[in-house]
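[1] predicted model and sequence follow; I will ask about them next.
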Amino acid sequence: MHTNLKPSERVSVVDSINPQSSAAALTTGWIDAGKFHNYMAVISLGALGAAATVDAKIQQATSAAGAGAKDIAGKAITQRTKAGADDNKQVLINLKQEDLDINNGFGFFQVSVTPAVAASLVGCSVLGFDPRYGFATDNDAASVAEFVG
């Protein structure tokens with residue numbers, strides 16, 4: 001570990017789903033998995049609608065346009081529900097490059113968050129850890145407005 005590096009030099013926000021009220025599936029863009037050693041999706045739940053459910057998963061593709069998209073085994077959350085008192089919770093999904101079907105050309109991924117039954121407040125940040133080249137900040141999403149310190 002490089003203890004002299006700032007956290008922002010090791011971790012990047014590579015994409016996100018901005019917090020919003022939705023009753024329909026939301027996705028990040030397709031992310032190039034080759035820029036970091038590891039990734040983590042942080043799914044944030046706010047107030048869930050009456051009887052609402054929320055699912056989230058990571059899918060993979062062979063291109064940045066989503067060609068051949070398919071789910072990645074073991075990269076889906078346990079369904080969160082209003083009945084289960086899952087308001088204002090976070091769920092994390094870890095992803096390593098080797099989780100993708102690299103041998104068959106799958107080098108891109110996206111996070112899909114699907115609220116159903118009733119509109120719910122949801123959001124997601126995808127973090128890239130330990131960049132393969134340079135600092136993490138070199139790969140921040142365009143939506144990252146500032147880092148301090």
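    Great, that's in hand. Residues are numbered from 1 along each chain as shown.
[2] got the residue ranges for the helices in this structure?
    Here the chain has its helices, by DSSP state H, at 7-10.
[3] just checking, which helix or strand of it averages the lowest pLDDT?
    Within the chain, no helix or strand scores below helix 7-10, which has a mean of 86 by mean pLDDT, DSSP states H and E.
[4] list the buried ones in it?
    8, 9, 10 (16 or more other Cβ atoms under 10 Å). C-betas here are computed from N, CA, C, even on glycine.
[5] tell me, how many neighbours does residue 15 end up with?
    Per other Cβ atoms under 10 Å, the neighbour tally for residue 15 reads 24.
[6] correct me, but it touches residue 126?
    Yes: Residue 15 is within contact range of residue 126, at 4.6 Å (criterion: Cβ atoms under 8 Å).
[7] any shared contact partners between the two?
    Common neighbours of residue 15 and residue 126 (criterion: Cβ atoms under 8 Å, 6 or more residues apart in numbering): 28, 31, 111.
[8] is it true that the last one touches residue 27?
    Yes: counting by Cβ under 8 Å, a contact exists between residue 111 and residue 27, whose distance comes to 6.7 Å.
[9] between these two, which is the more surrounded one?
    The residue with more neighbours, out of residue 111 and residue 27, is residue 111; 26 against 15, by other Cβ under 10 Å.
[10] separation between the more buried one and residue 44?
    12 Å (Cβ to Cβ, to the nearest Å).
[11] overlap of the contact sets of the two?
    The contact sets of residue 111 and residue 44 overlap at residue 124 (Cβ under 8 Å, 6+ apart).
[12] circling back: now for the least confident helix or strand of the chain, which elements pack on it?
    Identification of packing neighbours for helix 7-10 by 3 or more Cβ pairs under 8 Å, 6 or more residues apart in numbering; DSSP states H and E yields strand 120-131.
[13] list the buried residues in the strand it packs on.
    For strand 120-131, burial by neighbour count (16+ other Cβ under 10 Å) applies to 120, 121, 122, 123, 124, 125, 126, 127, 128, 129, 131.
[14] stretch 100-114 now?
    Neighbour counts over stretch 100-114 (16+ other Cβ under 10 Å) mark 100, 106, 107, 108, 109, 110, 111, 112, 113, 114 as buried.
[15] done for today, thanks.
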